[in-house]
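Asker: Need a 3D model of the sequence below.
(chains A and B)
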Amino acid sequence: MKKFMSLILCLSMVLSLFTACAKNDSLPSSETASGDSDVIKIGVFEPLTGENGGGGSQEVGGIKYANKIYGEVLGKKVELVIVDNKSDKGEATTAVTRLIEKDKVVAIIGSYGSGVSIAAGDIIKQSKIPTMGASCTNPMVTQGNEFYFRACFLDPFQGNVMATYAINSGANTAAVIMQNGDDYSIGLGNFFIKSFKELTEDENSIVATSEFQVNDTDFNAILTNIKSKNPDVIFAPSSATTAPLIIKQARALGITCPIMGGDTWENPAVIDVAGKDAEGIVLSTFFDENDPATEEAKSFVEGYKKELGDSEPIIPAVAALGYDAYLLVLDAIERAGSTDGTAIRDAIAATKDFEGVTGVINFTDEGDADKNIAVIKTVKDGQFVYIDTVEVKQ
Amino acid sequence: MSFETFMQQLANGISIGSLYALIAIGYTMVYGILRLINFAHGDIFMMAAYFMVFSMINFSLPWYIAIVLVIISTVILGVVIERIAYKPLRDAPRMSIMISAIGVSFFLENLATYLFTGVPKGFPDIPFLTQAANIGGISLSVATIVTPIITIILLLCVLFITNKTKIGMAMRAVSKDYETARLMGIKINRVISTTFVIGSALAAVGAVLWGAKYPSVMPLMGVMPGLKCFVAAVLGGIGNTTGAVIGGFILGMGEMMIVAFLPLLTGYRDAFAFIVLIIVLIVKPTGLLGEKVTDKV
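Answerer: Next comes the predicted model:
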């Protein structure tokens, strides 16, 4: 009897595991239940959980809103199939395969986080499904992959912008903290180091570089080392999950120099978790709602503000990029006049002076949006505040 | 390295070490009694952190009431898990209970992801604990100073309970041989429940102190501390409470010192814990203070 009971228990535990997972997975599948050809399916490949869950959700918000406003193409309804890549490179390949094999999407949008995008790149290339990255900034995402495009600027540019800003605000030395194994963080960190050394013309201007592991929460040891080197500025490209921990621990150790990060930092979670210590951090981002660049941007800011309500104080830049990525794909399908992967790809590559929310977009031969403007923001009184728009000649 | 930097790293090491120690006690006690590695322990710790977030932010309770509430609800969670997932398997092979523990661990992680989403929540600010103190150029938060003291006090409490009280005597008897203990009239279910009460309460205290230091609460936050504290428990000799505390301190200190003296190896900090585990298992399989167990055939 006891054995039987234990067997039942084991079974029910195992089953409960599956139901817990199934609940997550059933989200997209319920949206894809209809198999008729009156809809065009676009896959959304984003992290909704894990390290980048916060940013991924913001980006999906922008894509969903775009779908709400522009819900039709070629006379058919556009249906979004959202899969969660869990901020994990292993899950990323599964998620993308699922979109292509099971859901038969005609194009894909995503992902937040360069690492997962790079991991999914090969599958996308082989299955010839045109993909539009929204905020993946590492150069390797589109390199050698003719089916991967992106709507944002690149890390070499972003690293240069931050290095320039740091030097212009009087810094002569810098310390860099990066996340080991994260393509975004390592890439951006190294581009910053390169630019900073070039601009200061001093090989020793980077006084310390440190790496940490995914899911690390303790940075006291790294920061104590950095404190002893006394840099003028700390550059710590990292996820919105990690950033507040670094910021808080740095301040608790008595480090007073400015702390800077990349586009991932423009996330309410950073201010929410770091609290008062977030004041004065500096970050670069793609978009500022107070300075709409195009007509599309004006209507987007107005409409999306209403949509967000009180849930977010400002429009996240990644939502704007998600919106642009969706429009770019839709525009290409319209011009291609078909849902054939290669035809859409060619149409995206031929995009000319597309008026998006984040500016006028053209693509380089590599498939990257040709952008040379970044917005610098800081945190003041618990809000992200615009400081400057930087234009760099590449 | 300057003296101040060294002292700062030392303080960092003691602080993280005492957090590891606190959670490691829970592992080691359950192992001592049930011979079960409670893989769900790190996730109970995670749930405790969420309880703290909810009681302080959603119900806006003052911190001292919230802490009591968190300890009580974590204890209930721990005991319920024992009743549902481990008790029915008491006579099953040890492997079955361990697999059940892994199941509970995944269940809690997925449940938390489903209920609270993967977006990190800020841990509520406990003004008393997060105050900064500066002693001779070394910056510390009050939590950093308080944590080792609390750990030592709680260790003494646990030692007192196991060595001087009746229930403690029963615990030691059960850990020696629970069939015989049962024949002697010891209510083993009560003893095991008590073990889970103590272990979960310590995990709750650990979660509050952890949150004060690393204020980001998310569903997978228990995984790494869970693994490291398990390493700490094995290092000290699993089943031995004092050993778990010593193991926790060694691990925390080692992690800080590898960064302090070999800044180039910072990325390998986590690997350190597992290298230590492997070395200990090779050199002294029973851990530093572990007793030799002769397997009954």
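
Asker: Would you state the helices of the chain in chain order?
Answerer: Chain wasn't specified; assuming chain A. In chain order, chain A shows helices spanning A:2-31, A:53-69, A:89-97, A:114-127, A:155-168, A:183-200, A:220-229, A:243-252, A:268-274, A:295-308, A:317-336, A:341-349, with DSSP state H as the criterion.

Asker: not quite, I wanted chain B
Answerer: For chain B, helices defined by DSSP H occupy the ranges B:3-34, B:41-53, B:63-81, B:94-116, B:127-130, B:142-164, B:166-176, B:178-183, B:188-213, B:223-236, B:241-261, B:269-283.

Asker: Average pLDDT for the third one, rounded please.
Answerer: By that I understand helix B:63-81. Rounded to a whole number, the mean pLDDT of helix B:63-81 is 95.

Asker: What are the contacting residues of that helix?
Answerer: When contacts are taken as C-beta atoms under 8 Å, 6 or more residues apart in numbering or on different chains, the neighbours of helix B:63-81 outside the stretch itself are B:40, B:44, B:47-48, B:51-52, B:55-56, B:61, B:104, B:124, B:126, B:128, B:193, B:196-197, B:199-201, B:203-205, B:207-208. Quick note: C-beta positions are derived from backbone N, CA and C, even for glycine.

Asker: give me that answer again for 6 Å
Answerer: When contacts are taken as C-beta atoms under 6 Å, 6 or more residues apart in numbering or on different chains, the neighbours of helix B:63-81 outside the stretch itself are B:44, B:47-48, B:51-52, B:55-56, B:104, B:126, B:193, B:196-197, B:200-201, B:204, B:208.

Asker: In PyMOL, how would I select the buried members of the residues you listed?
Answerer: In PyMOL, a selection of the buried entries from the contacts of helix B:63-81 looks like this (16 or more other C-beta atoms under 10 Å in any protein chain shown):
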select buried, chain B and resi 44+47+48+51+52+55+56+104+126+193+196+197+200+201+204+208
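
Asker: And chain A, split by domain according to the record?
Answerer: Structural domains annotated on chain A: A:35-153+A:296-363, A:155-285+A:375-391, as defined by automatic domain parsing.

Asker: Among those, which comes closest to B:Thr117?
Answerer: Closest to B:Thr117 of the domains of chain A is domain A:35-153+A:296-363 (C-beta to C-beta; 6.7 Å).

Asker: Can you pull out the low-pLDDT segments for chain A?
Answerer: When residues are selected by pLDDT under 70, those of chain A lie in A:1-36, A:393-394.

Asker: Spatially nearest residue to A:Ala236 (excluding sequence neighbours)?
Answerer: In space, A:Ala236 comes closest to A:Ile177 once its chain neighbours are excluded; the distance is 4.1 Å by C-beta to C-beta, 6 or more residues apart in numbering or on different chains.

Asker: measure that neighbour to B:Ile138 for me?
Answerer: Going from A:Ile177 to B:Ile138 by C-beta to C-beta, to the nearest Å gives 21 Å.

Asker: Comparing these two, which shows the higher neighbour count?
Answerer: It is A:Ile177, of A:Ile177 and B:Ile138, that has more neighbours when counted by other C-beta atoms under 10 Å in any protein chain shown, with 26 against 21.

Asker: Tell me if I'm right that the more buried one and A:Phe235 touch.
Answerer: No. Taking contacts as C-beta atoms under 6 Å, A:Ile177 lies outside contact range of A:Phe235: 7.5 Å.

Asker: Look at B:Tyr214 and say how many residues are nearby.
Answerer: Neighbouring residues of B:Tyr214 were enumerated by other C-beta under 10 Å; the total is 24.

Asker: was I right about it contacting A:Phe219?
Answerer: No. Using C-beta under 6 Å, B:Tyr214 makes no contact with A:Phe219, being 9.1 Å away.
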